[in-house]
Each structure stands twice: as C-alpha cells, then as structure tokens.
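Participant: Make a model of this:
(2 chains)
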Amino acid sequence: MSWAVAGRIARRELRGGLTGFRVFLACLILGVAAIAAVGSVREAIRAGLDREGATILGGDAELELTYRTATVEERAWMEAAATEVSEIIDFRSMAVFLTGGDTERGLTQVKAVDDAYPLLGEVTLDPAMPLEEALAGRDGLPGAVLEPLLADRLGMDLGDQFNLGRQAFVFTARLIREPDRATAGFGLGPRTILRSDALADSGLIQPGTLFETEYKLRLPDGADLDELEAEAEGSFTGVRWRDRRNGAPGVQEFVDRLSSFLVLVGLAGLAVGGVGISAAVRAYLDRKTEVIATLKTLGAETRTIFQTYALQIGALTVVGLAVGLALGAALPLLAAPLLESRLPVPAEFALHPRPLLEAALYGALAAAIFTLWPLARVEDVRAATLFRDGAGPARGWPRVFWIVVTLGLVGALTGLAAWLSGLWQLTFGAAGGLLGAFALLLLAAFGIRRLSRRLATARLFRGRSAARLALGAVGGPGSETGSVVLSLGLGLTVLAAVGQIDSNLRGAIARDLPEVAPAFFMVDIQPGQMEAFEAKLADNTAVTRVETAPMLRGIITKINGQPAAEVAGDHWVLSGDRGVTYSDRPVEGTKITHGTWWPEGYSGPPQVSFATEEALEMGLELGDEITINILGRDITAEITSFREVDFSTAGIGFILSMNPGALAGAPHSFIATVYADAEAEADILRDISNAFPNVTSIRVKDAIDRVSEVLAGIAAAITYGALATLITGGIVLIGAAAAGAHARTYEAAVLKTVGASKRTILQSFGLRSALLGAAAGGVAILAGALAGWGVMRFVMDVDYTFEPVSAGVIVLGGILATLIAGLIFAWGPLAARPARILRARE
Amino acid sequence: MTETILSLEGAELTLDGNAGPIEILKGITLNIARGETLGLVGPSGSGKSSLLMLMGGLERATGGRVKALDHDLTALGEDALARFRRAHMGVVFQSFHLIPTMTALENVATPLELAGVADAFDRAEDELQAVGLGARVHHYPAQMSGGEQQRVALARAAAPRPDILLADEPTGNLDAETGQAIMDLLFGLNEKHGSTLILVTHAPELADRCQRVVRLADGRISETVSQKAAAE
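Facilitator: Down below sits the predicted model:
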C-alpha cells in the first residue's frame, strides 16, 4: 500500500524535471561507462584469445625445448601423437647490411621455420605473397622476411641482401603479421623469418648457442590434452608444454591484471562521483524540505516519504546505469576497428553481458552508498518546518540503522570488487585508502572551518573586508566547506595518486639504473673465440672493462628429490630456464654469506653456490640437493654456499654457479658485459660483428628503451583510465560551485545592500575558492603520495620516490579549477540587482 | 454538555536557540469544544503559531499535556501523529504550501490517497468544485493566483472531512476581497461539516467571526473573550 502511494507521489514529483540531477546522472554515467568499457575490452580480448587459442599458439599444442632440438625418439613421439608437426627455432642475432661503404647492424629475433609453418592462420606479407615463395629466395640466396621496423632501421629495400652470421639472405617481403605473434613474449629485436635449413652454413646454431625450439602440433580430434601433456612431461626432459586451452597465458594474465587495476581506478572515479551524487541528492532533498513537511502535515508517514524519494532516486539511478552501460558497451564497439589494429592479440568485440553486469552492480552499489545517507535525512524533516523559516533538516548523523546499512554496502562493494578483480590486497588497500582520504578530508574541512572562524574575527583582518568575508563564509554555519573540500580533495587524491604512479613508472628504469651501466651485453661467444674476443676488446682504448662468464641454461626440476614446485611453490626462479655458470674460484668481489666455496681444481660430486636472497625466499638450506636439467641431462648438485648477487648493477649475475667439473663436456657459450664510452659504441659493435659474425650484441641502451616503452605504455593506460576520474572530478566541482551559486547570489545582494563593492565581493569569492582548493590539495598530496607508494611498492614491486612536480601541478590545477568554477558561478550573483533578489526571498 | 475535542493542560514549548533555550509557550491551559470556532490573536512572537503547531501535533510540547479526541498527542511518535492528522485534522497555511509538481487535483487527492481512500480523485474533484475551482483542476500551483492556490489548500485540508481544521493566517498573503472569500469558505466548512476551526490571525474582523478569541502575550494566555458573551 505505502509503496503504491509513494510511487504515485514520486511520479508526480519527478515532473519537476531533472534539474539538479545533471551532476548526479553525469557522475553515475561516467563511472559506470568507464568500468563497463574497460570490462568490455578485457572480455573482448579474453574471447579473442579463447576463440583463437590454437591460432595464437600456432597449433593445438606446443612443446618448447631450450638449447636443443628434439631427439629422434622425441620427434617420433610427436609424429605419432600429432597429425602435423612444425619445428621453429627462435634465437637472437645480428642482421648486417652492407650499403655502399657503410655497414648497418641491427639486433633481430630470428624465427627459423620449416615447410609446415604456419600450421594455423596466415602470415601476412607486403607485397602480398605466400610465405613459401618469400622464403624460397632468389639468385641462389635464401629469402627472409623482416618486420618493417628492422628493414627501416637498416635502410634496406626489397631485394637487398643482408647477412646473419656467415649466411647471406635476400630481403623478399615485409612481415606485417604472424599468426602466433602473441605467444612470442617480450622480444628485444624486431622479427626476421627464414627457413631453418638456410642456417646450416651461417655458423649461428652451434653447441652452446642460446636458442629455443618450439614444436607446434596439430592433434587429431578428440585427443586428450591432459593425457598428452602428462606423457610429454614424463618422457621428455626439460620440456615445456602449452596447449590451445590457454594459448597465451602471459598475455591473458597481463590483460586481466591491467584491466582489474583500471577497474579499480574506475571505482575510485565512481567514489569521486559519489561525492557529487551525494551532494546532488542532498541539495534536491533540501529543496524538497517544504514538500516533505507538507506531506507530513497531510498525514504521510516517514516510511512513505522515504519510499517516495528512494523511488525517485532509484529511477534516476536506473536511468544513469542504463545510459552508462549503453555508452560503456558502445564505445569499445565503435573503437573496435582502431583497437583491433593496435592490439597485438585477437579481440572479439561484441556485446559482452558479464562486464556490463559487473559495472551495473558497481554503479548500483555506489549509488546506494552515496544516496542512502542524505535520503535518511528525510526522517529528520519535521512538519513544523513549514511554520518556522530556516528549520531545515538536521545536519547530524542519521540513525544507527542507516550507518550500519551504509557500512554494509561499502563492505559489499569492496568485497565484490576484490572477488571480481582477484586483487584482494590491492582492492582492500584502495578501499582503505579511499576511506582514509575521506576521513582526512573531513578532518581538514573541520580544521579549516574552525581556523577560518577564528581568523575572521581576528584583529589582523579588520579592515580587510574581502579576506574577512571569505574567512567568515568558509567558517560560517551552512557553508559549502565540507562538500567542496570532500569532492575536490577526493578527485585530486585520485589524480595525485595516478600522477605519482605514472611518473614513478616512467622513471623506474632511469632511476634504478646503476651509475655505470655496461654498454653491451654480448652473447653466444663460442669457447674457441674467447681469447681473440678478449684480445680485440683489450686493444680498444674506449673499452674500460669487460666481464665474461661461461653460460648454460637449465631448469631446476627437483629439490632434495621432490618436484621443485612442491617444495618452493611458484617462485620465479623455477619458472622456465635460468642461466647457469661455472667457476673454479668465486668471481672477484663475490661475497659468500653462508657456507664455503669448493676448493680450486675440485673434481668431486657436483656442488652449487646459490644466490642468497632467492635461496632464502625458496626456503633452501646448505646441504640441500637440487637437480638441474641442462640440455636434457639431469645434474644433481649439493648446495655448499650462498652468495650475494646484485642484479641492480646490470652486470653479470647468475642465480646458480657450479664447480667446473659438474658441467664438464656440456656444450656452452660465453656471455660478456662490455663497459665503454658512449661515443665508441658504434665502433665496438662494428669491430665485434665483423670479427665474430655469430656473436649477438645487445646495446643496453636499446634494451632499456624497449623496457621503458612497455612501462610507459602501462603508465599511459593508467592515465587514460584516470581520465574518467578527472572528468568526474570536474563535473563534481562545477556541480558544487553551481549549487553554491544560489546562496552566493543572496549573499552578494545583501553585501551590495550594505555597501560592498563588486570588487570586494569578487575578491572574497575568489579567496574563498582558493582557501578550499588549497585545503583539498594539501590532503590530496599526502593521500596521493601514500596511495602511489602503496601501488608501486606492493603492486608494481618498484621503489617509490615522491614526485613533487606532478603533485604540485595537480594541487595548483585543483586550486585553479575551484577558482575558475567559483568565479564563473559568481558572475551571475554579481550581476544580479539586489532588490529583486531580496524581494524574491521574502 | 458539549464534547471537548482538544485540550491543553499546562502546555509548554521550549526551543533550543543559538543563545540558549527560548521559552515560547508557558503553561497554556485551554479546552476547545467540538464544532467551536476559535481565534488565536496576539502580537508577533507571542506564540500563536507555535500553539497551533502544538494543537496539530506538528510540534511536541516540552511540558504539560495536549489531548485531541482522547489521544495524548505528547505521547505519540512522529508516524502515529501523521496517521492521527490524516484521520482527524486539516491544516491551512499562510503560504499555501501546495506541492508545485502536482496539479490542483493531485494536491487535493494526496491526503485522501495517503488515507487509503479508494475514490480519492473523484472526491478531490468534488472538493475543488465546492471551492469554485472546477475549471482549474488540472492546473499547477504556478499557473494559479494566490487566492486560487489558497482555495486549493482549503480543499486539500477539507477533503478528508477533518474533525479539526487548523488555519495559520490563511489570508495573510491575500488581498482583502480574496481574503474575505477564503474566510467565507473556511467558516462555511465549519458550518457545513461541523469541523472545529482554530484560526491564527492578525485581522480583528476575522477574529470577530469566531465564537471565542484567545489573546496571547509573551507565550501566555492574557485574555479569553467569548464573542457571544461580548455581544450580549
């Protein structure tokens, strides 16, 4: 009964139009649209990866070997299990192009393929031609296709010849798209594709060379993937299995984590918008005080009145959610052509209901949280209000019931966000941070109000009417201090946090780089080349230091006879293969923290020295036995010492170092770090590349640039994600300024009546905005820095440094924005004739 | 013996002001008979409107007792008071207090709807006809003159056939002629339906139309004049 009457009254009340609800709707729409859009893109990528799992992987399943090709038996097993098998060899090399008298060199990630490649999907070339034709070559030389970036870097045109190792190739086409690109992971050089058999005379694939072999399998229908995986891992040593069910786990995880993080940024935007939502509802209900009191006089119970306004707010929330969801669903669809071409992974842009439902839930919960409190105030409106001017709704706390319900909703929203994102720690951290910022801002508002009230009557401001008026207005009863400081402060906090994260991410590499970083990493130096290699560098006066070490790669498979993962969990040292070196003596400067190094010339059972920090993290102890699979052979060694390894110097650092006897006979190569003057880098590259064509030189600067690019990309994504928050913050601010305009109009009229000049009034309004902006900005710097620290430290695992420039810019921006918004809305009040305003008020 | 519909026993009202508690009403004792017309007069700030609020249960007495139709208004909660008002009371304000988003008809129908009356809109329309606004039922308050708005307010107050009609300076915002017409309607309702009419006014000629006039000064009853007695 009461709902039906409330519904009818609510419907009539809504005829008053949506004035005052524009901010409410804009905040809700923006927040929901941002979350829905991020979720839709994530779902599109997830669907794309699911649909094209096999294509991305390049087959139904993949077996990856490090450092070697499959044995005859392994190959036979694959042939038996699969309908088709393709072998790909992947390694880094230097492409060398002789042009006129000059030689151009570029690092490239080579993919050597067989006739069967690609088993699935198409390789797109420019000019368009089949891959087979492009790789066939011409004039007796094998062909190769290069990514345009590499060809441009070397200044090569189609038909030009270039060298990889000792083999010449002809550049037949530009590589536009390879179907299994997404699984290739992070590469330092652009891609070159050629035929494996063309490498026979290149001198590039030698024992000890770093390369990976991937076997792509097409399986018969109904093949049991689990069974095959178990069989492969049981019978092959050092093999890594992947299959179409999760073709690109790294990509999927990265997309999931980034989008979850962006959803959290979106939720922070919704919280900022929530302040606007709350203010809009409060202002609306304030305007309705008379109607509420009238309804009470006419016999309406509190419940009916609450229901009446809850229904109105509910209806508006539904409108906001619907528009927000429509926008959030439509934007990715509209941007699909653009996004598809820029995404390195397939995406299936469509109407995905799950992220929309997620966004709707978030939006509804946020709207409920922020409207319940002002809505509960209708209980406090008394019928007597009609008789006594100014006896508006009480400003105290609502009933305990409403506080408990609101806290429950906050808990539900946080729990939902944590559950859906899977980022429990970050979500609760963010929620705690937001609540903390709320509390801090309320405290700041209280503080500035008290201070202003005191200063307004201070001797210091006597005769300074603009300042005294501003202080009086900030500190006086019914001032907008609370809502402005809260909305602006929260918006600025999110922005300051994003600013801190952005600049820390972008600066992470530059800051963490040691002062003296090597100029080059050189890999694949054959043992027989070492003497000549070192002599050549010693001759070069620009080279200040060279460090070399033998390197093999191995996978830790067991610890004390138990599968390693069972003992040490998913520690990063166990994921994939790691570099292993050997040495008779500890390298100069090595600090042994536990145990002792083996004696020189030791030839007993294998011993290993483990990096201290990682060993402690994995729970290893001296005397433990670890089994490392190197080139398909299991070597079990006892841990006899722990030593400090500092990866931050960018020098050579190995988790595992063994006694030379343990690795005797295992084919391997050497790696070197070369320290040199920056100007000499080009000369060194040319000298080494000419003398040792098989050696790959990686310029440290290029590698850093590449990593910085990836980090800058993430930072940009976060900044774009925060754009919605920025716009929401702006709307809330304008809303707050507009809401205050009515009161200011009256105030200006009274001030003019008592003789204040326009200039004084304007100064007073400006000063007031600046005071509030400064208070909000101060808290934002503190809270934003704390949030930035938390995210960098616990999410990105990067050291945090306070970045004063972005913080300063944000605070100044905040003050300026409040000032501008305040002044724009002060224009009307200043221009209005006082008599008319005052008469209308009577 | 006439039935007492409303009685106050030592009723007090103290409100919290910025400068400390303010005593608005001090020990008011008053009995009002069913069907009586009572005028409350006195200078500004004497407590007329506050007394009317106590009688309507719109304000809770801070001392003494207020009883209406055997209900102790001082003991009822906010919602119980709302239910009591919709069953027994109608209120007319100086500033009309119509709901601006509702038409005249909807304004009048609202208390009937709240009371669960099935034919609320038919009755509301009859009521508007009775106050001479049959042609304006679908007009919004903003589309009507002050006198018309007050007539809608009157129709709204009268529609549930209240036992007690409270009016707070109902002609205060109207010109003399319109005010006269409104008062005729108000006293007409009293005669037609037997509602008890309690009227706050500054205008002596309106007070003169009441059977009894209570004069307030500084929160106390300073004089009670029975018009009949005065005429005799």
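Participant: give me the residue from chain B nearest chain A.
Facilitator: Proximity of chain B to chain A (Cβ to the nearest Cβ) peaks at residue B:86, 2.2 Å away. Every C-beta, even on glycine, is put in place using the N, C-alpha and C of the backbone.
Participant: Just the element for residue A:193, please.
Facilitator: Using DSSP states H and E, residue A:193 sits in strand A:191-195.
Participant: Describe which strands that strand pairs with in its sheet and in which direction.
Facilitator: Applying DSSP bridges, strand A:191-195 is found paired with strand A:102-113 (parallel), strand A:143-146 (antiparallel).
Participant: Pick out the shakiest of those strands, pLDDT-wise.
Facilitator: Per-stretch mean pLDDT for the strands paired with strand A:191-195 is lowest at strand A:102-113 (a mean of 86).
Participant: So for it, what gets flagged as buried?
Facilitator: For strand A:102-113, burial by neighbour count (16 or more other Cβ atoms under 10 Å in any protein chain shown) applies to A:105-113.
Participant: ditto for stretch A:629-645
Facilitator: Within stretch A:629-645, judged by 16+ other Cβ under 10 Å, the buried ones are A:629-632, A:635-637, A:639-643, A:645.
Participant: and the strand holding residue A:193, C-alpha only, in PDB?
Facilitator: Extracted in PDB, the C-alpha atoms of strand A:191-195 (Å, rounded to 0.1, in the frame of the first residue of the first chain):
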ATOM      1  CA  ARG A 191      61.300 -10.200 -36.100                       C
ATOM      2  CA  THR A 192      63.000 -11.900 -39.100                       C
ATOM      3  CA  ILE A 193      61.500 -15.100 -40.500                       C
ATOM      4  CA  LEU A 194      63.600 -17.500 -42.600                       C
ATOM      5  CA  ARG A 195      63.900 -21.200 -43.300                       C
END
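Participant: Mind giving me the packing neighbours of the next helix or strand after it?
Facilitator: Next in sequence after strand A:191-195, counting helices and strands by DSSP H and E, comes strand A:212-218. Applying 3 or more Cβ pairs under 8 Å, 6 or more residues apart in numbering or on different chains; DSSP states H and E, one finds that strand A:212-218 makes contact with strand A:61-66, helix A:72-81, strand A:84-99.
Participant: Distance to chain B for the ones you listed - can I get that in JSON lines?
Facilitator: Formatted as JSON lines, those follow (distance: least, Cβ to the nearest Cβ, whole Å):
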{"stretch": "strand A:61-66", "distance to chain B": "67"}
{"stretch": "helix A:72-81", "distance to chain B": "75"}
{"stretch": "strand A:84-99", "distance to chain B": "71"}
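Participant: in the sheet, who's paired with residue B:166?
Facilitator: residue B:91, residue B:198.
Participant: got a list of what it touches?
Facilitator: B:52, B:55-56, B:89-92, B:198 (Cβ atoms under 8 Å, 6 or more residues apart in numbering or on different chains).
Participant: again, only using 6 Å
Facilitator: By Cβ atoms under 6 Å, 6 or more residues apart in numbering or on different chains, residue B:166 lies in contact with B:52, B:56, B:91, B:198.
Participant: Could you count how many residues lie near the residue of the stretch 251-400 of chain A found nearest chain B?
Facilitator: Relative to chain B, the nearest point of the stretch 251-400 of chain A is residue A:299 (2.2 Å; Cβ to the nearest Cβ). By the measure other Cβ atoms under 10 Å in any protein chain shown, the count of residues near residue A:299 is 27.
Participant: Kindly report the same for residue A:455.
Facilitator: The number of residues packed near residue A:455 is 17, by other Cβ under 10 Å.
Participant: Residue A:738 too?
Facilitator: Counted with other Cβ under 10 Å, the neighbours of residue A:738 add up to 17.
Participant: how much space is there between the nearest residue to residue A:122 once chain neighbours are set aside and residue A:118?
Facilitator: Residue nearest to residue A:122 in three dimensions, not counting chain neighbours: residue A:179, with 6.4 Å by Cβ to Cβ, 6 or more residues apart in numbering or on different chains. Using Cβ to Cβ, to the nearest Å, residue A:179 is found at 5 Å from residue A:118.
Participant: re earlier: now do the contacts for the residue of chain B closest to chain A.
Facilitator: Applying Cβ under 6 Å, 6+ apart, we find residue B:86 in contact with A:299, B:111, B:114-115.
Participant: Kindly report the same for residue A:696.
Facilitator: A:92-94, A:523-524.
Participant: Next one, pLDDT for it please.
Facilitator: Predicted confidence (pLDDT) for residue A:696: 82.
Participant: Give the bridge partners for it, please.
Facilitator: residue A:523.
Participant: Return the residues in contact with residue 104.
Facilitator: All of this is about chain A. If a contact means Cβ under 6 Å, 6+ apart, then residue A:104 has A:97, A:154-155 as its contacts.
Participant: should've been chain B
Facilitator: Going by Cβ under 6 Å, 6+ apart, residue B:104 touches B:136-137, B:139, B:152.
Participant: Spell out which parts of chain B neighbour chain A.
Facilitator: Within chain B, the residues that sit near chain A (Cβ under 6 Å from any Cβ of the partner chain) are B:49, B:53, B:58-59, B:79, B:82, B:85-86, B:91, B:97, B:99, B:101-102, B:106, B:110-111, B:113-114.
Participant: Now, these that are in strands?
Facilitator: residue B:91 (DSSP state E).
Participant: buried subset of the residues of chain B next to chain A?
Facilitator: Buried among the residues of chain B next to chain A (16+ other Cβ under 10 Å): B:49, B:53, B:58-59, B:82, B:85-86, B:91, B:97, B:99, B:101-102, B:106, B:110-111, B:113-114.
Participant: What's the local residue count around residue A:532?
Facilitator: Per other Cβ under 10 Å, the neighbour tally for residue A:532 reads 12.
Participant: Please apply the same query to the one 3 residues further on.
Facilitator: Residues within reach of residue A:535, counting by other Cβ under 10 Å, total 9.
Participant: In terms of helices and strands, where is it?
Facilitator: Going by DSSP H and E, residue A:535 is part of helix A:530-539.
Participant: in that helix, what counts as buried?
Facilitator: Those would be A:533, A:536-537, for helix A:530-539 by 16+ other Cβ under 10 Å.
Participant: and after the longest helix along chain A, which helix or strand comes next?
Facilitator: Looking across chain A with DSSP state H, the single longest helix is helix A:700-753. Sequence order places helix A:758-790 as the next helix or strand after helix A:700-753, per DSSP H and E.
Participant: relative to helix A:700-753, how tilted is that next one?
Facilitator: 150 degrees (axes from the mean of the first three to the mean of the last three Cα atoms, to 10 degrees).
Participant: Just list what helix A:758-790 packs against, helices and strands only.
Facilitator: Helices and strands touching helix A:758-790, by 3 or more Cβ pairs under 6 Å, 6 or more residues apart in numbering or on different chains; DSSP states H and E, are helix A:424-456, helix A:465-475, helix A:481-512, helix A:804-831.
Participant: Quick one: mean pLDDT for the last one?
Facilitator: With pLDDT averaged residue by residue, helix A:804-831 scores 79.
Participant: tell me the angle that helix makes with helix A:758-790.
Facilitator: Computed by the same axes, to 10 degrees, the angle between helix A:804-831 and helix A:758-790 is 150 degrees.
Participant: got the buried residues for helix A:804-831?
Facilitator: Quick answer for helix A:804-831 (16+ other Cβ under 10 Å): A:806-807, A:810-811, A:814-815, A:817-819, A:821-822, A:825-826, A:829-830.
Participant: in the stretch 601-750 of chain A, what residue is nearest chain B?
Facilitator: For the stretch 601-750 of chain A, Cβ to the nearest Cβ, closest residue to chain B: residue A:742, 16.5 Å.
Participant: quick one: contacts of the helix holding residue A:535?
Facilitator: A:525, A:543, A:546, A:670, A:691.
Participant: for the third one, helix, strand, or coil?
Facilitator: The three-state label given to residue A:546 by DSSP: H, G, I helix; E, B strand; the rest coil is strand.
Participant: Name the helix or strand for the residue lying closest to residue A:656 once chain neighbours are set aside, please.
Facilitator: Leaving aside its sequence neighbours, residue A:656 sits nearest to residue A:580 (Cβ to Cβ, 6+ apart; 4.6 Å). Using DSSP H and E, residue A:580 maps to strand A:578-582.
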